[in-house]
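Trainee: Provide a 3D model corresponding to the input given below.
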Amino acid sequence: MATPQQIQELVAAVQTLNLEVQALKTDNAALQQRVTAREQQTTDLPHLPLGSGKFNGSERKVKEFLEACNIHFAFRKGAFASDHAKGDFMITHMTGKALAWATSLVSQSDPVLQDYSAFQNLLRQTFLRTECAYFACEDLLDVCQGNSDLLMYISTFKKLAA
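Mentor: You can find the predicted model right below:
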């Protein structure tokens with residue numbers, strides 16, 4: 001059986017938790033308002049002119065996505081006065097692994113979101129392999145044993161993988 005002191009401690013703990021829940025509800029409501037405001041800002045803007053829709057992180061679409069965004073920002077300078085607004089707009093035009101990547105930046109309040117140039121560079125670094133790496137991957141996919149012996153095949157594979 002609980003003592004009166006233990007009951008008082010439990011009541012105090014429940015009250016503290018209740019206050020924390022109320023604070024979290026307030027924070028959540030404020031965040032929901034911010035999200036709604038941002039959605040309204042981007043809803044009023046025309047869709048990004050990408051031939052294949054939203055950017056999904058495909059290496060082949062990185063340059064096309066960045067060029068389309070830059071053209072869009074050039075024609076809508078008033079709508080994108082801040083670097084943060086540009087990054088937000090780009091994120092609303094992402095899907096798949098690109099959206100997962102951007103979501104992690106947003107959830108961590110990464111400072112790169114405040115600097116459009118840094119955001120673009122990070123996007124390039126994340127989704128665009130260097131030409132050497134790209135061609136090495138292509139070569140690795142083309143490696144097959146064919147008529148050569150196993151040791152020659154392994155040697156070729158190791159050379160290309162290095």
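Trainee: domain boundaries for the protein, per the record?
Mentor: Recorded structural domains for the chain (assignment: automatic domain parsing) are 4-127, 131-161.
Trainee: run through the protein and note the low-pLDDT ranges.
Mentor: Judged by pLDDT under 70, the chain has its weakly predicted residues at 38-52, 130-148, 150, 153, 162.
Trainee: and the helices in it, which stretches?
Mentor: 4-43, 62-75, 83-92, 96-107, 116-127, 131-142, 150-161 (DSSP state H).
Trainee: pick the most buried one from the ones you listed.
Mentor: helix 83-92 (a mean of 20; mean count of other Cβ atoms under 10 Å). For glycine as for every other residue, the C-beta is placed from the backbone atoms N, C-alpha and C.
Trainee: elements contacting that one?
Mentor: For helix 83-92, the elements it packs on are helix 4-43, helix 62-75, helix 96-107, helix 116-127, judged by 3 or more Cβ pairs under 8 Å, 6 or more residues apart in numbering; DSSP states H and E.
Trainee: give me the angle between the second one and helix 96-107.
Mentor: Which is helix 62-75. Calculated by axes from the mean of the first three to the mean of the last three Cα atoms, to 10 degrees, helix 62-75 forms an angle of 60 degrees with helix 96-107.
Trainee: thinking again about what came up before, could you dump the helices and strands packed on helix 83-92 to TSV with distance to residue 90?
Mentor: Below are the helices and strands packed on helix 83-92 laid out as TSV (distance: least, Cβ to Cβ, whole Å):
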stretch	distance to residue 90
helix 4-43	10
helix 62-75	6
helix 96-107	8
helix 116-127	7
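Trainee: good, wrapping up.
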